[in-house]
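Peer 1: what would the 3D arrangement of this be:
(one chain, ligands or ions: 1)
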Amino acid sequence: MESPWDFTSLDRLADRLWNELTLAVEDVSHPWRTPVLATNGVDGPSARLVVLRSVIPAKREWVAFSDSRASKLSEVLADGASSWVFYDSLLQVQLRARAHVTAHLADPPSAAAWAHVPARNRIHYRRRVPPGEPIHSPADGWSVDEDAEANFGLLVAHVESLDLLALNPTGHIRAQFRWCDASSGSGWTGQWVAP
Ligand SMILES: Cc1cc2nc3c(=O)[nH]c(=O)nc-3n(C[C@H](O)[C@H](O)[C@H](O)COP(=O)(O)O)c2cc1C
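Peer 2: Got it, this is the predicted structure:
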């Protein structure tokens, strides 16, 4: 399918990327709502799906939630470097990002986010057995008796660069954007690159 994206301007493309990410938060069927987050694990690269919970284009930030006892939390506390992949399989558009992730646990930002977590989702943070712990059978992992808020963690990604690839029947298109903090003004500096 020919991509409906406008590839005539790098500036408009950068705006469109952030608009699309913002839409993905609200639209549960949006393919960019569940990106892959890759971190530096103790045994090497470590990647998993997360849900995109909020996006603030003006701060070049997005947010995901995690159990505070999960591996990804200790990984970003040790090293905030991260890589993210979003993929729209219908339009065949891939977005990759590099970001510095800050973890928030039992602090004002995590408390503010927790206040908006619906009751039906809070149960995920009440599991007695921490994520990744060995158990005898799957049901052993379902018991809930923990203080949910104490197990809630916020991952705030501060985006440093973006790399978009759109597969097109008429020719693939790739663009890279890097945040530029020049004294004359700051913004996304883009360039077309070979796919
Ligand atoms: C569709 C989907 C969405 C997920 N969303 C989240 C999420 O938002 N936060 C999260 O911590 N784990 C989420 N998970 C589970 C993670 O992919 C992962 O299995 C779990 O968090 C443990 O990862 P870790 O041990 O690397 O921390 C999701 C899994 C799937 C399949």
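
Peer 1: from here on, contacts and neighbour counts on C-alpha atoms
Peer 2: Fine.

Peer 1: near the ligand, which residues of the chain show up?
Peer 2: Proximity of the chain to the ligand (C-alpha under 6 Å from any ligand atom) is limited to residues 34, 48-51, 64-67, 70-72, 132.

Peer 1: could I get the buried residue list for the lengthiest strand in the chain?
Peer 2: When every strand of the chain is counted residue by residue (DSSP state E), the longest turns out to be strand 152-166. By neighbour count, with 16 or more other C-alpha atoms under 10 Å as the criterion, the buried positions of strand 152-166 are 152-166.

Peer 1: and stretch 39-49, by the same measure?
Peer 2: Buried residues in stretch 39-49 (16+ other C-alpha under 10 Å): T39, N40, G41, A47.

Peer 1: same deal with stretch 131-142?
Peer 2: Judged by neighbour count using 16+ other C-alpha under 10 Å, the buried positions of stretch 131-142 are G141.

Peer 1: average model confidence for it?
Peer 2: For stretch 131-142, mean pLDDT rounds to 94.

Peer 1: what of stretch 12-31?
Peer 2: For stretch 12-31, the per-residue pLDDT averages 96.

Peer 1: ok, now stretch 104-118?
Peer 2: Mean pLDDT, stretch 104-118: 96.

Peer 1: and the most far-flung residue of the chain relative to its centre, which of the three is it?
Peer 2: With distances taken from the mean C-alpha point of the chain and given as C-alpha atoms, centre = their mean, the most distant residue is H136, at 32.0 Å. Per DSSP: H, G, I helix; E, B strand; the rest coil, the secondary structure class of H136 is coil.

Peer 1: circling back: so which of the buried residues of stretch 39-49 comes closest to V55?
Peer 2: The nearest member of these to V55, counting by C-alpha to C-alpha, is T39 at 19.5 Å.

Peer 1: leaving out the residues flanking it, which one is nearest to the closest one?
Peer 2: Here the nearest residue to T39 in space, its sequence neighbours aside, is S82; by C-alpha to C-alpha, 6 or more residues apart in numbering that works out to 4.9 Å.

Peer 1: only alpha carbons, please: show the longest strand of the chain as CSV.
Peer 2: Coordinates of each C-alpha in strand 152-166 appear next as CSV, following Å, rounded to 0.1, in the frame of the first residue of the first chain:
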residue,chain,number,x,y,z
PHE,A,152,4.1,1.0,40.5
GLY,A,153,6.9,2.5,38.5
LEU,A,154,6.9,5.2,35.9
LEU,A,155,9.4,5.1,33.0
VAL,A,156,9.8,8.6,31.4
ALA,A,157,11.7,8.5,28.1
HIS,A,158,13.5,11.7,27.1
VAL,A,159,13.9,11.3,23.3
GLU,A,160,17.2,12.2,21.7
SER,A,161,16.8,10.9,18.1
LEU,A,162,14.3,9.4,15.8
ASP,A,163,14.6,7.2,12.7
LEU,A,164,11.6,6.7,10.4
LEU,A,165,11.4,4.1,7.7
ALA,A,166,8.4,3.8,5.4
